[in-house]
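J.: Fold the following, please.
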Amino acid sequence: MGTPTALQFSEEEKLAKQYLPTLRARRAEECKKNGSRPLSECLSIVGTPAATAKVKSYLASEPLPHFEAGLEKGILIKIDEDGTRTHGRFLGKVFHPLAVSVMDQARSDRR
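T.: Numbering: from 1, shown residues only. Reported below is the predicted structural model:
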């Protein structure tokens, strides 16, 4: 077929400009049918108790282990499938357990 010419590009551009509003309208209708919500509506719940509950529910549904913040800065608590709670921190991408006293661990587990 050969290399497209400037005339071919200009014709395609005219067609795109002509049909783009129609395609956008169809896409908007599809989104409404599928139950999509406007972004402003989605963002309106940020920072509310409902949003917090939704995030907690989602995180709980993720595969184990789970991690939560410890009482001290930079310390995480790793929660394994059997319920074991291990205090530690990430160095690079590897979790390193800390030697934590029983009293410190009990205080953190009460959170």
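
J.: State the mean pLDDT of the helix or strand containing Glu29.
T.: In this assignment (DSSP states H and E), Glu29 forms part of helix 6-33. Helix 6-33 comes out with an average pLDDT of 76.

J.: Wasn't Ile77 part of a strand?
T.: Yes. Under DSSP: H, G, I helix; E, B strand; the rest coil, Ile77 sits within a strand.

J.: sorry, back to before: gap between the helix holding Glu29 and the chain center?
T.: 31 Å (C-alpha atoms, centre = their mean, to the nearest Å).

J.: Kindly format the C-alpha coordinates of the next helix or strand after that helix as PDB.
T.: Downstream of helix 6-33, the next assigned helix or strand under DSSP H and E is helix 39-43. The C-alpha coordinates for helix 39-43 follow below in PDB (Å, rounded to 0.1, in the frame of the first residue of the first chain):
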ATOM      1  CA  LEU A  39     -15.400  10.600  40.100                       C
ATOM      2  CA  SER A  40     -16.700  13.400  42.300                       C
ATOM      3  CA  GLU A  41     -19.100  11.000  43.900                       C
ATOM      4  CA  CYS A  42     -16.400   8.400  44.500                       C
ATOM      5  CA  LEU A  43     -14.100  11.000  46.100                       C
END
